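Student: can't give you the sequence, but here's the structure:
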């Protein structure tokens, strides 16, 4: 069995523009730039014949998925486990505030050796990763062969780290092609 997944982060929001932490409790829509990014993403995905897009329920991801799906004339399905991580007390804060309040978390957040860290009242990186891997494995059972995934930066980064993509940057509205074949995931 072979399946192609095109993973993408939602388009830009005002929180992205202002460099504020968005997690699962920050549920904002795309800004004008984000809607334009989603339209360009749709054009870039045309050659890949996607059959469905599966999206996080958060507005920013679902709106991106809808813009892409409308152009590709395919359905969108909402799947809760594609939601962004819960960053607890850090949501809505600036990077300098994070550094001031939780320097150890910030220091270790991007380190693959530190999976059990979390912001106060938030979800650990390990929990986010486990949820995303489980979701992606569930999607292997779908009948479609070419699937779009609309999700979030940390959620996608943590999944990609399990398939050798720990250095892959997850940019707004840019697709990353991941293939399942011969019983394993790989980044194309």
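Tutor: Okay, I see it. Keep in mind that what you see is a predicted model, and the values were worked out from it rather than measured.
Student: mind telling me what element residue 180 is part of?
Tutor: strand 175-181 (DSSP states H and E).
Student: part of a strand, is residue 8?
Tutor: Yes. Residue 8: assigned to a strand according to DSSP: H, G, I helix; E, B strand; the rest coil.
Student: any idea what sits nearest it, other than its immediate chain neighbours?
Tutor: residue 175 (4.7 Å; Cβ to Cβ, 6 or more residues apart in numbering). For the C-beta atoms, the positions are set from N, CA and C on the backbone; glycine is no exception.
Student: residue 154 versus the residue of the chain most remote from its centre, what's the distance?
Tutor: Distance to the chain centre peaks in the chain at residue 100, reaching 26.6 Å (criterion: Cα atoms, centre = their mean). Using Cβ to Cβ, to the nearest Å, residue 100 is found at 21 Å from residue 154.
Student: got a pLDDT number for residue 113?
Tutor: We note a pLDDT of 87 for residue 113 in this prediction.
Student: do the same with the one 5 residues further on
Tutor: As summarised for this prediction, residue 118 has a pLDDT of 96.
Student: ok, now residue 182?
Tutor: We have a pLDDT of 91 for residue 182.
Student: any idea how many residues pack against it?
Tutor: 8 (other Cβ atoms under 10 Å).
Student: and what of residue 107?
Tutor: For residue 107, the number of neighbouring residues by other Cβ under 10 Å comes to 12.
Student: helix or strand: which one has it?
Tutor: According to DSSP H and E, residue 107 maps onto helix 103-109.
Student: check which residues of that helix are buried.
Tutor: Across helix 103-109, burial judged by 16 or more other Cβ atoms under 10 Å covers 105-106, 108-109.
Student: ok, and what's touching the helix or strand just after it?
Tutor: Remark: after helix 103-109, the chain's next helix or strand is helix 125-139, criterion DSSP H and E. Residues from elsewhere that reach helix 125-139 (Cβ atoms under 8 Å, 6 or more residues apart in numbering): 3, 5, 54, 79, 81-82, 85, 109, 114-118, 147, 149, 151, 154-156, 158-159, 161-162, 185.
Student: and these, which are buried?
Tutor: 3, 5, 54, 79, 81-82, 85, 109, 115, 117-118, 147, 149, 151, 154-156, 158-159, 161, 185.
Student: which residues touch the closest residue to residue 66 other than its chain neighbours?
Tutor: In this structure, residue 66 finds its nearest non-sequential neighbour in residue 76, 5.9 Å apart by Cβ to Cβ, 6+ apart. Residue 76 is in contact with 52-55, 62, 65-66, 69, 150, counting by Cβ under 8 Å, 6+ apart.
Student: where in the protein is pLDDT low?
Tutor: The chain contains no residues with pLDDT under 70.
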